[in-house]
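Chemist: Need coordinates for the below:
(chains A and B)
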Amino acid sequence: MLSRVAENVYWMARYLERAEDTARLINSTSNLLLDLPRNASVEWFELIRVFGAEEQFKELYPESQDEREVMKFLITDKRNHSSIITCINAARENARVTRDIIPYEMWEQVNELYHFSTEYAKGSISRRKRNDFMSGLIRRCQTMTGITMGTLPHDDAYQFLRIGRNLERADMSSRIIDVAAAQLLPDQEEINPAFATVRWISVLKSLNAFQAYRQQGLVGISGSAVLQYLMQSREFPRSINHCLEEVSGCLKALHKPHAPRRQLNQLIKELETVDIKALRRSGLHKYVDEFQHGVGKLHSSITDTYFRYS
Amino acid sequence: MAIDFKHYGPLNGYDELISNKGNPRQVARQLCRYFSGLSDAEVDELKQASDLAIKTLGISFTVYSEGSNIDRAWPMDLIPRMISSREWEVTDRGLKQRLKALNMFINDLYHEQQVVKDGVFPQEVLAGARNYRKQCEGINPAYGVWAHICGTDLVKGGDGTQYVLEDNLRVPSGVSYMLENRHVMKRVFPELFEHIDILPVDDYTTQLYEMLAAISPRQGEVPEVVVLTPGIYNSAYFEHSYLAQQMGAELVQGSDLMVDDDDCVYMKTIYGLKRVDVIYRRIDDDFLDPEVFRKDSTLGVPGLMRAWRKGNVGIANAPGAGVADDKVVYAFVPEIIRYYLNEDPIIPNVPTYLCMRDDDRAYVLEHLDELVVKPANESGGYGLLVGPRATKKQLKQFAQLIENDPRNYIAQPTLNLSTVPTLVEEGRVAPRHVDLRPFTLQSKKLYTTMGGLSRVALPEGSLVVNSSQGGGSKDTWVVDMGGDK
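Modeler: Residues are numbered from 1 along each chain as shown, chains lettered A, B, ... in the order given. As a prediction, the model looks like this:
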């Protein structure tokens, strides 16, 4: 398999995952509005923090940081490299340069997703049609995953695709956790417990983890239990641990994965040993920071080993 | 109101589907009956189904306009162009004959040049052939074949006579659209395919692969075949990826390849370098190897010509094959066929005036407003003058161009190209001019596509069929009518 093509497949998967995760996050935040007491409000700017895009956002929208601007920035703004539209376009461009290896149905689906997004994304900036668009987008991304599983030969290309998807997912989950914790974990002062519960449920929902979490038989919704679940669960497909294990499986299927595996094992070890219950706000933030740095290093290692070795 | 072939027209010249009396030709009878039986709503529905299929299948072409590339959905008309298998058989033979002779000609030019010595092909034409590559002299590609893939443009005149208009021997494109048109038509009209004996086109990519595999320098081993593309911004990128996918070949860009110290070509894979045996290149000679041709090329592979000359890699079409893709050389093809094969050409050329000849030039300059003037080395319908439609200023400008560089221009009578019924607006069909581009392959053996890509000029009366200039396309059905063949 050509190095360039492997890289394109990897990025296609990352962009698709980023678009899907963003849609989930927007959906759950929009829904949270409905659960909050009338005088409490959603701080939309929080979403910008998830992406670490505070500076760029303020530069592009100096006037206002309200729902409309945040939605514009995250959904349709092409100047934002992580907006849904940018991601879908980039995924399609990456698919386009790998059309010779991806099955026809995958291309058709990416293409359909692209046409769907260009047509309806704008309408979703207002609240009324937002859910329809986000759900439609998520469903299409999931269809893509299904088609990939069912039609792409489970060879090297498939491994790179899964690596891309899971690294992106792990990274995104960690960002969501980080921002939630910054607001909800007690540091010095206590937080209104009823309010916190609603917010933690929203965090679970943004990762589609609420139902699964409940089925674990865990009593109540506490911050540290939610964090533990989202970070360390072996079974839940969006937990950080699960994502890393997936990447580990992929690397095993490839030749000469030594350097990336070293990097990955380090990440897994740190995740297994971190004592979440003992973490307070600043400790968690520090951990997530290091984790994201580690994901970046893993990405570089994969790039150096397989994509741009010479 | 349903589609009405009785009031179809006005016919001026030859229509492929409808006779001068307004009756469907035998080959098109079932099709016309089917379309006549459709309501406006049904036609509309079919049109939508076809547009949607084209959109979701991502069949597109790229136009370069005002400094940027625009991806457009591929325009395909619902009504196919039809050819009887009996007629096609003759065309098929004619195309193979032509390519065989052209390859003998090219091989001769890069070796003994016997054809020049024997006075059949003038030295001064060769001297002025812009696509002649001195660097290719003395090289022996497998089977003596240089042009492995040829896209031949065929047209019919007002009396229904078929002519060769052009031989495209450099990097002819369009075959993927031929295949995709069929793909879409099968989705939209499954019932027609059940009732009409339409001969299949989809073995092209298998044939292409076999042709390429046959020029691998390591015979007996499974060859590594790659398609070399200039990249995503090329107007034919869709086709490059399509063909690579269909053949199971890697689609590579210049930067994916390298020539090592052993003068072999390698591609950069995730597990290191891997030897490449055959390159189906879709970039022009000029950009192929910066060591030999244009030094500023970033699309090519340094050292590629070295590897090819040593016989370490097969390249299709071979560098230098474009020498015969020249509209002046074209004028000599009938003679070339007679010279090498001792046969008469099966498909005639369009009568052609060579501006380099004094008599011809005098005639051309005098009759400029009746003729089509073409530069010798352009493609895609660029730089061409259609005399009857030109303004006074354009005529004057072209007269000057011809006087300045007569070797670079040819002229042909303006052909009243044949027409095919085409959907122009809801429920209405009108005659639109078409051409046909079949593809012929040659290495170990010869192969011609079943039919080809029919291109159609959509504006009323227009003769320009190029998709880059607003042309559309049609699926081409070669129909076996049974009975005597």
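Chemist: Distance check, B:Ala244 against B:Lys274.
Modeler: In this view, B:Ala244 and B:Lys274 are 16 Å apart by CB to CB, to the nearest Å. Placement of C-beta: from N, CA and C, glycine included.
Chemist: OK, contacts around the residue of the stretch 101-250 of chain A found nearest chain B?
Modeler: Of all residues in the stretch 101-250 of chain A, A:Asn111 sits closest to chain B, at 4.4 Å by CB to the nearest CB. Shown in contact with A:Asn111 (CB atoms under 8 Å, 6 or more residues apart in numbering or on different chains): A:Arg92, A:Ala95, B:Lys55, B:Thr56, B:Leu57, B:Gly58.
Chemist: can I get these in CSV with secondary structure?
Modeler: Shown next, in CSV, are the contacts of A:Asn111 (DSSP: H, G, I helix; E, B strand; the rest coil):
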residue, secondary structure
A:Arg92, helix
A:Ala95, helix
B:Lys55, helix
B:Thr56, helix
B:Leu57, coil
B:Gly58, coil
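Chemist: Now list the buried members of the residues you listed.
Modeler: Buried members of those, counted by 16 or more other CB atoms under 10 Å in any protein chain shown: A:Arg92, A:Ala95, B:Lys55, B:Leu57, B:Gly58.
Chemist: and the two most separated of these?
Modeler: The distance between the two most remote of the buried ones among the contacts of A:Asn111 (CB to CB) is 15.3 Å, for A:Ala95 and B:Lys55.
Chemist: Would you tell me which residues of the stretch 1-150 of chain B are close to chain A?
Modeler: B:Lys55, B:Thr56, B:Leu57, B:Gly58 (CB under 8 Å from any CB of the partner chain).
Chemist: Thought A:Val110 was touching the second one, still the case?
Modeler: No. When contacts are counted by CB atoms under 8 Å, B:Thr56 is not listed as touching A:Val110 (10.5 Å).
Chemist: B:Pro217: how many residues sit nearby?
Modeler: When neighbours are counted by other CB atoms under 10 Å in any protein chain shown, B:Pro217 registers 18.
Chemist: Kindly report the same for A:Tyr309.
Modeler: A:Tyr309: 12 neighbours (other CB under 10 Å).
Chemist: how far away is the residue lying closest to it once chain neighbours are set aside from B:Ser297?
Modeler: In space, and not counting its chain neighbours, A:Tyr309 is closest to A:Ser3: 7.4 Å by CB to CB, 6 or more residues apart in numbering or on different chains. In this view, A:Ser3 and B:Ser297 are 21 Å apart by CB to CB.
Chemist: Give me the nearest residue to the most centrally placed residue in chain A, chain neighbours excluded.
Modeler: Chain A has A:Met172 as the residue nearest its centroid, 3.2 Å off, counting by CA atoms, centre = their mean. Closest residue to A:Met172 apart from its sequence neighbours, by CB to CB, 6+ apart: A:Asp21 at 4.2 Å.
Chemist: measure the one you found to chain B for me?
Modeler: Distance from A:Asp21 to chain B, counting by CB to the nearest CB, to the nearest Å: 25 Å.
Chemist: Now for that residue: which residues touch it?
Modeler: So A:Asp21 contacts A:Glu168, A:Arg169, A:Met172 (CB under 8 Å, 6+ apart).
Chemist: Now do the phi/psi pair for the residue of the stretch 201-310 of chain A found nearest chain B.
Modeler: Per CB to the nearest CB, A:Tyr306 is where the stretch 201-310 of chain A lies closest to chain B, at 4.3 Å. Per-residue torsions, A:Tyr306: phi -110, psi -30 (degrees, to the nearest 10).
Chemist: Pretty sure B:Ile270 is one of the things it touches, is it not?
Modeler: Yes. Contact criterion CB under 8 Å: A:Tyr306 and B:Ile270 qualify, at 4.3 Å.
Chemist: Ignoring the adjacent residues along the chain, who's closest to whichever residue of the stretch 51-200 of chain B sits closest to chain A?
Modeler: Of all residues in the stretch 51-200 of chain B, B:Gly58 sits closest to chain A, at 4.4 Å by CB to the nearest CB. Distances taken as CB to CB, 6+ apart place A:Asn111 nearest to B:Gly58, at 4.4 Å, with adjacent residues excluded.
Chemist: so what's that neighbour scoring on pLDDT?
Modeler: Residue-level confidence at A:Asn111 comes out at 90, pLDDT.
Chemist: Ok, B:Asp435 next?
Modeler: On pLDDT, B:Asp435 comes in at 95.
Chemist: Now for residue 238: which residues touch it?
Modeler: Using chain A here. By CB under 8 Å, 6+ apart, the neighbours of A:Arg238 are A:Arg169, A:Ser173, A:Leu207, A:Asn208, A:Ala209, A:Leu230.
Chemist: not quite, I wanted chain B
Modeler: B:Phe238 neighbours (CB under 8 Å, 6+ apart): B:Gly58, B:Ile59, B:Ser60, B:Phe61, B:Thr62, B:Ser176.
Chemist: repeat that with 7 Å
Modeler: Residues in contact with B:Phe238 (CB atoms under 7 Å, 6 or more residues apart in numbering or on different chains) are B:Ser60, B:Phe61, B:Ser176.
Chemist: Give me the mean pLDDT for the helix or strand hosting it.
Modeler: Using DSSP states H and E, B:Phe238 maps to helix B:237-247. Mean pLDDT, helix B:237-247: 89.
Chemist: Find the residue closest to B:Ile196 in space, skipping its chain neighbours.
Modeler: Of all residues not flanking B:Ile196 in the chain, B:Gln30 sits nearest, at 5.5 Å (CB to CB, 6+ apart).
Chemist: Same question for that neighbour, what's its three-state structure.
Modeler: B:Gln30 - assigned by three-state DSSP - is helix.
Chemist: how many neighbours does it have?
Modeler: When neighbours are counted by other CB under 10 Å, B:Gln30 registers 16.
Chemist: can I see the domain layout of chain B?
Modeler: Here the domain parsing of chain B from automatic domain parsing is B:89-150+B:199-341, B:353-413.
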